[in-house]
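Peer 1: Okay, structure incoming, though there's no sequence with it:
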């Protein structure tokens with residue numbers, strides 16, 4: 001259980017120290033995996049992605065404490081401290097408010113992050129104190145590689161699950177979503193958009209692989225395609241990694257049957273796990289687009305942890321303009337990333 005309600009206070013248990021962090025690219029399967037694991041009674045999943053590191057923590061040095069507090073408390077619609085303490089005694093409620101206030105004042109990464117599952121679980125437990133009584137860890141997800149080392153450093157019992165998906169599927173899905181947002185009739189992106197998305201995928205996969213190689217005891221990499229095609233085996237592997245045990249067959253069937261989803265590019269909704277989008281890229285991407293994606297992403301694609309097969313299209317026929325575009329976008333991506341890191345370190349130095 002994440003916490004215990006005693007006479008005058010809330011006592012946080014060891015489960016709050018055990019964060020399970022799912023990371024993967026946008027359109028890469030993080031939502032499906034998050035929803036599946038939330039159905040495991042021993043894992044408490046937040047109501048939704050918190051964006052804590054990217055939207056709160058990375059901006060802390062640029063804001064006054066009062067603004068930082070307002071952003072932290074108002075960023076998520078489900079994070080309602082007042083609502084979480086309505087059913088508690090005055091002293092118990094004050095203990096929660098004091099815990100969060102001190103964490104905000106000190107900009108305490110660990111306690112600010114732990115307050116998310118604490119408050120969320122308290123809200124759910126207002127009418128039933130036994131809710132989530134079997135939880136031994138809690139779950140968040142992100143579509144970003146940033147923050148991995150910070151979480152590992154702050155939470156000694158943290159576990160990381162990196163879900164990866166074929167870059168051709170990721171780029172196609174992202175392109176279609178972007179076109180939908182622009183209300184564009186033409187579903188194709190230009191080559192620069194395709195390359196930019198492929199560079200982003202490659203950069204993220206390189207970060208995941210490097211982190212896993214350094215922290216193999218607390219991280220695992222799974223492929224979205226394996227999760228879809230071999231759901232029971234993959235979920236049991238994850239359960240053994242997180243909890244040291246297999247999931248019963250009945251619980252597995254319930255998890256897989258009850259998870260819901262939908263296509264982001266249409267109004268289609270479904271129960272269970274859909275295989276319809278696995279190889280859609282073969283029909284909807286042109287040979288030239290596939291060639292571009294593979295040209296950019298081929299190194300991590302072929303890594304022993306990912307094992308994505310490239311096509312037989314001739315990758316040597318890339319024009320000088322295409323190669324130059326790939327190079328400039330890649331350099332731009334790296335420069336912007338490290339400028340952000342350098343600026344963040346400067347702010348930290350002068351903010352002390």
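Peer 2: On my side now, so go ahead. The shown structure was predicted, so the numbers you read here are calculated from the model rather than taken from an experiment. Numbering: from 1, shown residues only.

Peer 1: excluding its backbone neighbours, what's nearest the residue nearest the centre of the chain?
Peer 2: With distances taken as Cα atoms, centre = their mean, residue 142 lies nearest the centre of the chain, 2.1 Å away. Nearest residue to residue 142, sequence neighbours excluded (Cβ to Cβ, 6 or more residues apart in numbering): residue 23, at 5.1 Å. Heads up, the C-betas are built off the backbone N, CA and C, glycines and all.

Peer 1: Pretty sure residue 146 is one of the things that neighbour touches, is it not?
Peer 2: No - using Cβ atoms under 8 Å, residue 23 is not in contact with residue 146, being 9.4 Å away.

Peer 1: Looking at the two, which is more packed in?
Peer 2: Using other Cβ atoms under 10 Å, the more surrounded residue of residue 23 and residue 146 is residue 23, with 26 against 17.

Peer 1: Contact partners for that one?
Peer 2: Going by Cβ atoms under 8 Å, 6 or more residues apart in numbering, residue 23 touches 30, 141, 142, 143, 144, 145, 148, 160, 161, 162, 163, 208.

Peer 1: Could you give the number of residues near the closest residue to residue 107 other than its chain neighbours?
Peer 2: Residue nearest to residue 107 in three dimensions, not counting chain neighbours: residue 60, with 5.4 Å by Cβ to Cβ, 6+ apart. Neighbour count of residue 60, defined by other Cβ under 10 Å: 18.

Peer 1: my guess is residue 60 meets residue 71, correct?
Peer 2: No - the criterion here is Cβ under 8 Å, and residue 60 misses it with residue 71 at 9.2 Å.

Peer 1: Grab the nearest non-local neighbour of residue 260.
Peer 2: That would be residue 271: by Cβ to Cβ, 6+ apart, it lies 5.5 Å from residue 260.

Peer 1: burial of the one you found, as a residue count?
Peer 2: 11.

Peer 1: Enumerate every residue touching it.
Peer 2: Contacts of residue 271 by Cβ under 8 Å, 6+ apart are 257, 258, 259, 260.

Peer 1: Distance check, it against residue 302.
Peer 2: The gap separating residue 271 from residue 302 is 35 Å, by Cβ to Cβ, to the nearest Å.

Peer 1: who wins for neighbours among the contacts of residue 271?
Peer 2: residue 259 (21 neighbours).

Peer 1: Tell me who's in contact with residue 19.
Peer 2: Contacts of residue 19 by Cβ under 8 Å, 6+ apart are 113, 137, 138, 139, 140, 151, 155, 157, 158, 159.

Peer 1: so which of those residues comes closest to residue 87?
Peer 2: Of all the contacts of residue 19, the one with the least separation from residue 87 (Cβ to Cβ) is residue 138, at 20.7 Å.

Peer 1: residue boundaries of the helices in the stretch 151-300 of the chain?
Peer 2: Counting by DSSP state H, counting those that start in this stretch, the stretch 151-300 of the chain has helices at residues 167-181, 191-214, 224-229, 231-243, 249-258, 281-284, 287-301.

Peer 1: and these as a markdown table, adding distance to residue 44 and mean pLDDT?
Peer 2: A markdown table is the format used below for the helices of the stretch 151-300 of the chain (distance: least, Cβ to Cβ, whole Å; pLDDT from 0 to 100):
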| stretch | distance to residue 44 | mean pLDDT |
| --- | --- | --- |
| helix 167-181 | 29 | 80 |
| helix 191-214 | 24 | 91 |
| helix 224-229 | 21 | 96 |
| helix 231-243 | 12 | 96 |
| helix 249-258 | 15 | 90 |
| helix 281-284 | 35 | 91 |
| helix 287-301 | 32 | 90 |
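
Peer 1: Among those, which comes closest to residue 117?
Peer 2: Here helix 231-243 is closest among those (Cβ to Cβ), at 15.3 Å.

Peer 1: counting contacts, what elements does the closest one pack onto?
Peer 2: Contact partners of helix 231-243 among helices and strands, from 3 or more Cβ pairs under 8 Å, 6 or more residues apart in numbering; DSSP states H and E: helix 30-38, strand 159-164, strand 219-223, helix 224-229, helix 249-258.
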